[in-house]
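Trainee: sequence and predicted structure are below.
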Amino acid sequence: MPTRRSPITSALVILLVAGVTLATTVCASAQSARPGPGASLYDDDEGEGTTFRTWAPNALSVSVAGSFNGFNPDTHLLGSEGDGWWSLDVPYVGAGARYKFVIRDGVQELWRRDPWARRLTSSVGDPLVYDKTAFEFQADGFATPAWNETVIYELHVGTFGALSGDPVPAGFDACIENLDHLEMLGVNCVEVMPVNEFAGDVSWGYNLAHPWSVESAYGGPDAFKRFVDACHERGIAVVLDVLYNHWGPSDLDLWRYDGWSENGGGGIFFYNDSVRADTPWGPRPDFGRGEVRTYIRDNALLWLDEFRVDGLRFDATKYIRSVPEAGLALPEGWSLMQWINESIEATQPWKITIAEDWGDESWLSRTVGEGGAGFGSQWDGVFLHPVRNLATTVEDEDRSMFALRESVTKYFNGEATQRVIFTESHDEAANQPRLPEVIWPGNADSWEAKKRSTLAASVVFSSPGIPMIFQGQEFFEDGVWTDSAPMDWDRMETFDGIFKLYKDLVHLRRNLGGATRGLCGNGTNFHHLDDTGKVGAWHRYDRGGVGDDVVVVTHWTNQFRGDYRIGFPRGGTWHCIFNGNATEYDDAFTGGGPTEILAEPVPWDGMDHSAAFELPPYTCLIFSQRIPEDPGSGNDQDGPILVDGARDDLYGPPLFIQDTQTGFGDASLGLIDHANGSELDALAARIEDETLYLHFAGNLESNFNKLDVFIDAIEGEGQGTLRDDNPEVKFGGLNRMGGSGRGGSPGLRFDAGFEADFWIDFTCGGEIGVGFDTFINWSRLATTGGAAVDSGFAGPGGPGAGQAIHASNGIIATIDNRNTAGVTGGDDSDSGSGVDTGIEFAIPLSVLGASGGEIRVTAFINGSAHDFLSNQVLGPIGGGGNLGEPRVVDFGTIPGPQWVGVPIPAPECPGDLDGDGLVDGADFGVLLASWGPCGACPADLDGDGVVSGADIGVMLSRWGGCP
């Protein structure tokens, strides 16, 4: 940007007209040295006011006229900066001032709305100077959910916020009133149809007139920020629908903005040739012109940065990368999408971009480094149309299970989250009636329409991909959706059962009950295809095991089928945790089907076990070997713990809080939780399912700082002093621990009564703002101080919450960037995004060798490159500086125990079948009375589904008093 020129001498005349003060400069034409296009408020040592800047390369002069100068086009002339840019600082102009740019090209005088205006009075009104920093967000602790655990709800602001009889459009504030409905449904992401200023007040939003402005009829930019903040307060992410394939066509001041055009085209913002200029919906921006590319890229970042949305859905990307009607590729459009996605990945990699392309093009969601466009996901037409066809086909015999298999098992680049799957979006709902009406025209309330539409929805929620529903689908909307009529909220009462069906599917898909982790996983095995009987079944899994493996069975005829056999990945009892024919979902549903089944060692469908059971008509059944916990609001502290980078509240209150200010890290230490000083703030822990779960809160800076955790799990074993005499233990950054090679220094000494027998090292390293990897080392520490009993390395894991690292011995670790410690960044840090604010571990008790009593845990932050310990220790350590090299640290000299005890729950006594505290002859009688197959009965002590001699052996091994 050129430096400020000497201003032309001016006279400032203050006029008082009708009670309004007008500051009028007779002549001013010095360009501004301050940055930013559009109208940017400033308040600095030179004064306060507004900088006006615009791009008009074919103008001879540009001025700004507004409420501050009586809309006089000759008062404030912008200075030319070169390269077509014009600017001027206008003192004393504040937020809310109305203005327009006046562009003269020697022939015309064009009054133009600011292309960068955030706020307009209307699509044909005036821009308003907007203070983008005035709004204060409240939901600072919100973290975007992991995309494999996300369920999207697409909504239209103008109709979602309106109640029956209300005028349309509703605004953002009205939508906030209905967000509790979404929280009750359980969705954790909304995809909002376009909110840019469009022509008129009632619209889908795809006829945008002003790309940088928020629709005035919806409430403008601050109202949109309130909506985003309210969503985040409820744990709901926001994905915004954006349009870069076309703009307009009406109320479009960008059209021939500075007066120039050729071939009848749109001027500087658009292509001007006959082949590339038009799309079916409006003129196409010129993706090859540098200023337009920057305009679009900066617009994408605007929503993510200033408005804090969590992702962008790009409309009709095929028309960005090509001119389909002409068979012409637009490489400049492809590179523009790459640039946008690279920019987002470099600064906010946890946010997502979604392409609507319909080209079945895997390159869209490959990384830019691989030559792809870099999108995180894309709408999948290969899923949408076949699954809708399965539901709408009239004759059962015409439904294809081969089409079902292709739809369920489709992946882009081997990643489940690279596709968004659905049976209804705004397009399907508006261009034809809703799915129930399409299934049976004129009889949408029929049993068939209810059964087949909800069966299709069940496929959405149980297939790999990010599931999405469109507003009203959850309470059985059946008419054509229109932007001029509010949602029919009365249907919530009429179809409350259908709402519960969708709610149950959402909860299962998100694994809120801890029984369906496989639905969040990447694994799918479509193992049963019966095109004659119209049955399709598939196995979903993440890592496998109880609570992970899920079997989905779908039946596509209108008849009950009895004694139908399906393969299962493991033997034992499987619970039917979802039955789409349950009477609670609709009075017309007849129930039937199993509540639980026993998978026997009968090979079937390529699996070692199978079970035969009844299939209700047009029904999806979902099976797990764990019964889901009731997730309640999703914030219960009694649910199952998942090492997933989320739901930290399940650990319960912290066992210990460490409030000592860091004495470690960079020089800026003004705040306890400063991003430049790694902190260890608290430990929350639970033991359940024979697993020790640890959640450390604080901040671990992504500069290869380390969290070292030592565990005393076995009484009388382990080491009270750590030295370099452990030759097989590679302590990583824990160097200089003493021993013969360190001048005989004593080594790292723990408190009396704490003898470490297990060690875990968690490392976070990478470039702040770019991304980082995480690693864990682990080792069992021998009592003698000799070689480790066992040790290992696991890593790296990917960045972001929910990217778990799995060690070979079953230890799981993950980072959790939910901003537990309130990190905001600092003078020498990019932001809190470069810091891990929580670390979770799951450690099997069998790995630790723990059996009873309590497990003692200590931990500290260690500087990888500094070879000394910070004062961030899990214990009541006092303030002060760093503790020094490990070889000289003695925790025994610090008052109080520098460790936390986690009690091991008393073991259950399964053999005590009559509950009298003894395993004796009375219990043996109960066992004999249950002899034979019994499902999940208490007498099945070995869990194989049959009470047999093996269970007698288990009972005899526990004979006597219970522990």
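Mentor: On my side now, so go ahead.

Trainee: what sits against the nearest residue in space to G720 that is not next to it in sequence?
Mentor: Nearest residue to G720 in three dimensions, chain neighbours excluded: E755, at 4.8 Å (Cβ to Cβ, 6 or more residues apart in numbering). For every residue, glycine as well, the C-beta is placed using N, CA and C. Applying Cβ atoms under 8 Å, 6 or more residues apart in numbering to E755 gives the contacts D712, G716, E717, G718, Q719, G720, T783.

Trainee: how close does the fifth one sit to I904?
Mentor: I take that to be Q719. 21 Å (Cβ to Cβ, to the nearest Å).

Trainee: between these two, which one's more packed in?
Mentor: More neighbours surround Q719 than the other of Q719 and I904, with 25 against 17 (other Cβ atoms under 10 Å).

Trainee: check that one and give its pLDDT.
Mentor: Model confidence at Q719, expressed as pLDDT, equals 80.

Trainee: close enough to count as contact, it and F758?
Mentor: No. Contact criterion Cβ atoms under 8 Å: Q719 and F758 do not qualify, at 10.6 Å.

Trainee: what residues are shared contacts of those two?
Mentor: L781.

Trainee: shaky segments in the stretch 801-950 of the chain?
Mentor: Of all residues in the stretch 801-950 of the chain, those with pLDDT under 70 make up the ranges 801-804, 816-837, 851-852, 863-871, 878-882, 906-908, 934-937.

Trainee: show me where it has its helices.
Mentor: In chain order, the stretch 801-950 of the chain shows helices spanning 845-848, 921-929, 949-957, with DSSP state H, counting those that start in this stretch as the criterion.

Trainee: okay, those, which one's buried deepest?
Mentor: Using mean count of other Cβ atoms under 10 Å, the stretch among these with the greatest mean number of neighbours is helix 845-848 (a mean of 16).

Trainee: quick one: contacts for F383?
Mentor: When contacts are counted by Cβ under 8 Å, 6+ apart, F383 is found next to S407, K410, R419, I421, F422, S463, G465.

Trainee: wait, a strand at it?
Mentor: No. Read with DSSP: H, G, I helix; E, B strand; the rest coil, F383 is helix and lies in no strand.

Trainee: mind checking pLDDT for it?
Mentor: Per-residue confidence at F383 stands at 97 (pLDDT).

Trainee: A59: neighbouring residues, count only.
Mentor: Look at A59: counted by other Cβ under 10 Å, it has 24 neighbours.

Trainee: show me the domain layout of the chain.
Mentor: As assigned by automatic domain parsing, the chain contains the domains 12-112, 147-379, 382-624, 648-903, 918-961.

Trainee: closest to K132 out of these?
Mentor: With Cβ to Cβ as the measure, domain 147-379 is the member of the domains of the chain nearest K132 (5.7 Å).

Trainee: measure that closest one end to end?
Mentor: Across its full length, domain 147-379 reaches 14 Å end to end, with Cα to Cα, to the nearest Å as the criterion.

Trainee: which element is R293 on?
Mentor: R293 is part of helix 290-305 when elements are defined by DSSP states H and E.

Trainee: count of residues packed around S250?
Mentor: The burial metric for S250, expressed as a neighbour count using other Cβ under 10 Å, is 13.

Trainee: so it lies in a strand, does it not?
Mentor: No. Note on S250: no strand contains this position according to three-state DSSP, which reports coil.

Trainee: could you find the closest non-adjacent residue to it?
Mentor: Nearest to S250 is A199, by Cβ to Cβ, 6+ apart, at 4.3 Å.

Trainee: so how far is G518 from the one you found?
Mentor: Here the criterion is Cβ to Cβ. By it, A199 lies 47 Å from G518.

Trainee: neighbour-wise, which of these two wins?
Mentor: Comparing A199 with G518 by other Cβ under 10 Å, the one with more neighbours is G518, at 26 against 18.

Trainee: dig out what H76 forms beta bridges with.
Mentor: Each beta-bridge partner of H76 is listed here, defined by DSSP bridges: V64.

Trainee: so it touches V62, yeah?
Mentor: No. With contact defined as Cβ under 8 Å, H76 does not reach V62; the gap is 9.8 Å.

Trainee: tell me the phi and psi of S343?
Mentor: The main-chain torsion angles of S343 are listed as degrees, to the nearest 10 and equal phi -60, psi -40.

Trainee: burial measure for it, as a count.
Mentor: Residue neighbour count, defined by other Cβ under 10 Å, stands at 16 for S343.

Trainee: can you point out the buried residues in stretch 351-365?
Mentor: Using 16 or more other Cβ atoms under 10 Å as the test for burial, stretch 351-365 gives 351-358, 361-365.

Trainee: mind picking the two most distant members of the residues you listed?
Mentor: K351 and W358 (23.2 Å).

Trainee: once you drop chain neighbours, what's closest to A162?
Mentor: P486 (3.3 Å).

Trainee: quick one: neighbours of that neighbour, just the number.
Mentor: When neighbours are counted by other Cβ under 10 Å, P486 registers 20.

Trainee: one more: Q432?
Mentor: Q432 has 12 neighbours, counted by other Cβ under 10 Å.

Trainee: can you tell me, leaving aside adjacent residues, what's nearest to it?
Mentor: Counting by Cβ to Cβ, 6+ apart, the nearest residue to Q432 once its immediate chain neighbours are dropped is V438, at 6.2 Å.

Trainee: L243 now?
Mentor: Distances taken as Cβ to Cβ, 6+ apart place D315 nearest to L243, at 4.9 Å, with adjacent residues excluded.

Trainee: ok, that neighbour touching Y206?
Mentor: Yes. With contact taken as Cβ under 8 Å, D315 and Y206 are classed as touching, separated by 6.7 Å.

Trainee: and the two? which has more neighbours close in?
Mentor: More crowded of D315 and Y206, by other Cβ under 10 Å: D315, with 22 against 18.

Trainee: so what's that one scoring on pLDDT?
Mentor: pLDDT, the model's per-residue confidence, is 98 for D315.

Trainee: what of E448?
Mentor: 98.

Trainee: tell me the secondary structure for it?
Mentor: Secondary structure, three-state DSSP: E448 is helix.

Trainee: if I pick the closest residue in space to it that isn't next to it in sequence, what's in contact with it?
Mentor: Excluding its sequence neighbours, the residue lying closest to E448 (Cβ to Cβ, 6+ apart) is W440, at 5.6 Å. If a contact means Cβ under 8 Å, 6+ apart, then W440 has S446, E448, A449 as its contacts.

Trainee: in PyMOL, select just the buried ones from the residues you listed.
Mentor: What follows is the PyMOL syntax selecting those of those that are buried according to 16+ other Cβ under 10 Å:
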select buried, resi 448+449
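
Trainee: closest to G94 out of the contacts of W440?
Mentor: Using Cβ to Cβ, A449 is the member of those that sits closest to G94, with 57.2 Å.

Trainee: which residues sit against stretch 107-114?
Mentor: Contact with stretch 107-114 is made by 38-39, 54, 65, 73, 99-104, 120, 126-127, 210, 253, 257-259, as judged by Cβ under 8 Å, 6+ apart.
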